[in-house]
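>>> how would this look folded up:
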Amino acid sequence: MSIFENFGCRKVINASGKMTALGASAVAPVVADAVRTAAMDYVDIEELMVAAGRVIASVTGAEDGCPTTGAAAGTAIATAAVIAGTNLTRIESIPHTQGVPNEIIIQKGHAVHFGASITQMISIAGGKVVEVGQANHVEKQHIEEAVTDNTAALFYVKSHHAVQKGMQSIETMLSIAKAKGIPLIIDAAAEEDLRKYIAMGADLVVYSGGKAIEGPTSGMICGRATLIEACRAQYHGVGRPMKIGKEGIVGFLTALQRYDDRPDESVEQRKRMEWLINELKDTPGIKGAILQDEAGRAIFRAQLAIDPKVAGLTAYEVIHQLESGNPAIFTRNHYANLNLISIDPRPLLEGQETLIAERLKQILL
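Prediction:
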């Protein structure tokens, strides 16, 4: 029995991905043990924050790091850091930032909703969002011309949520940032390469700790030492309601330290999805195919095309039945309007693809 069932919640099969709405990741036993042990003891939090920065730096190649409650908090804290620095008066004034550079430039196709609005996260921290270009087309000149004396930073979103065509690259953003003498913040929440963007020259990079890293609810900012010092300083201001506790930090650091040594499960995950597709091949109204992740990561999902004429149901109706059952099965539904449902193998616990196949057969046969 799931521990959540003790509180009246249904059991959930997560075939959607490492989604915040479903609890992100199921952590490894060693990470869970670390959370439990830390929760039962005491520590000087400021000392732990600095120690965490050293671990983050060692794994990412950055000068320093700052733990957060998640990538959304990381976005807000990083924004506040480039605006207020370590100036306590400015820190305590956020979100009221008149009189100092506070404009954050973002490409219009990157002003996304990830469960909340990324521009709202920037605004919470006192950033005045400046969207440049159009939703499907941004020129380098759009960005350059938006930079003024009031610009605090450029902001880049590396995510499947963002528009993938017509946007300017990280390299272009970096070249502009360096030429103009302003920092570049990269939101790389679900990205798997923890060194890439720092190595490219980004000033601050934000990651989720509960997604690719497979930690508890957590996150991190890594980057230049002076800016990370400013990030930590924001816990005396806007970061206070976003503070991460001792158990979250230790659980995150434990997951982070084992990150490079985790086995590559992509081949086995693909085989599980191939099994699922084969298991459903004789089910009327459904056709499966293997599809690689939109952002190019080694994630191979089963895409299930629903034919409403044969199945008698649309993808939305199938999704509703999957989610309303017990266990509730949550799938990846970005293209449900095209009658496509995707199954993400990464969060599936052992044997759950069998339960998904059985439930789909019950719905469609």
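
>>> now for the longest helix belonging to the chain, which elements pack on it?
In the chain, taking DSSP state H as the definition, the longest helix is helix 45-60. Here helix 45-60 touches strand 64-68, strand 219-223, helix 225-233, helix 246-257, going by 3 or more Cβ pairs under 8 Å, 6 or more residues apart in numbering; DSSP states H and E. Every residue, glycine included, has its C-beta placed from N, CA and C.

>>> repeat that for 10 Å
If you count contacts as 3 or more Cβ pairs under 10 Å, 6 or more residues apart in numbering; DSSP states H and E, helix 45-60 packs onto strand 64-68, helix 196-200, strand 204-208, strand 219-223, helix 225-233, helix 246-257.

>>> Please point out which parts of that helix sit buried.
48, 49, 52, 53, 55, 56, 57, 59, 60 (16 or more other Cβ atoms under 10 Å).

>>> follow-up on the earlier one: so can I have a markdown table of the helices and strands packed on helix 45-60 showing mean pLDDT?
Listed next are the helices and strands packed on helix 45-60 as a markdown table, based on pLDDT from 0 to 100:
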| stretch | mean pLDDT |
| --- | --- |
| strand 64-68 | 98 |
| helix 196-200 | 98 |
| strand 204-208 | 98 |
| strand 219-223 | 98 |
| helix 225-233 | 98 |
| helix 246-257 | 97 |
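
>>> So which of these is nearest residue 14?
Comparison of those against residue 14 by Cβ to Cβ identifies strand 204-208 as nearest, at 15.5 Å.

>>> starting at the chain centroid, how far to stretch 41-49?
26 Å (Cα atoms, centre = their mean, to the nearest Å).

>>> Regarding it, how distant is the last residue from the first?
16 Å (Cα to Cα, to the nearest Å).

>>> just to revisit the earlier point, identify, from the buried residues of helix 45-60, the entry nearest to residue 357.
Nearest to residue 357 among the buried residues of helix 45-60, with distances taken as Cβ to Cβ, is residue 59, at 37.8 Å.

>>> Next, the contact list for that closest one, please.
Contacts for residue 59 were tallied using Cβ atoms under 10 Å, 6 or more residues apart in numbering; they are 65, 194, 195, 213, 220, 222, 253, 256, 257, 259, 260.

>>> Can you report how many residues lie near residue 181?
8 (other Cβ atoms under 10 Å).

>>> residue contacts, it?
147, 151.

>>> can you pull out the helices in this protein?
Using DSSP H, the helices of the chain run over 29-39, 45-60, 71-84, 88-93, 118-124, 140-146, 170-180, 196-200, 225-233, 246-257, 266-279, 308-311, 315-324, 352-364.

>>> Which positions in the fourth one come out as buried?
Spelled out, that is helix 88-93. 90, 91, 93.

>>> repeat for the last one
Applying a neighbour-count criterion of 16+ other Cβ under 10 Å, one finds 352, 353, 356, 357, 359, 360, 363, 364 buried in helix 352-364.

>>> and what of the first one?
Along helix 29-39, the positions that meet the burial threshold by neighbour count (16+ other Cβ under 10 Å) are 31, 34, 35, 38.

>>> how about the nearest residue to the second one, chain neighbours excluded?
Spelled out, that is residue 34. residue 254 (4.0 Å; Cβ to Cβ, 6 or more residues apart in numbering).

>>> same question, residue 1
Distances taken as Cβ to Cβ, 6+ apart put residue 11 closest to residue 1, at 7.8 Å, once the chain neighbours are dropped.

>>> And the pLDDT for that neighbour?
Confidence at residue 11, expressed as pLDDT, is 93.

>>> so it makes contact with residue 2?
Yes. Between residue 11 and residue 2 a contact is recorded at 4.7 Å, counting by Cβ atoms under 10 Å.

>>> between these two, what contacts are shared?
Joint contacts of residue 11 and residue 2 (Cβ under 10 Å, 6+ apart) are residue 327.

>>> distance of residue 259 from residue 60?
10 Å (Cβ to Cβ, to the nearest Å).

>>> List the residues that are in contact with both of these two.
With Cβ under 10 Å, 6+ apart, residue 259 and residue 60 have common neighbours residue 194.

>>> Quick check: the residue nearest to residue 214 when sequence neighbours are not counted vs residue 91, distance?
Excluding the flanking residues, the one nearest residue 214 by Cβ to Cβ, 6+ apart is residue 25, at 4.4 Å. Taking Cβ to Cβ as the measure, residue 25 falls 32 Å from residue 91.

>>> Please apply the same query to residue 181.
Distance from residue 181 to residue 91, by Cβ to Cβ: 23 Å.
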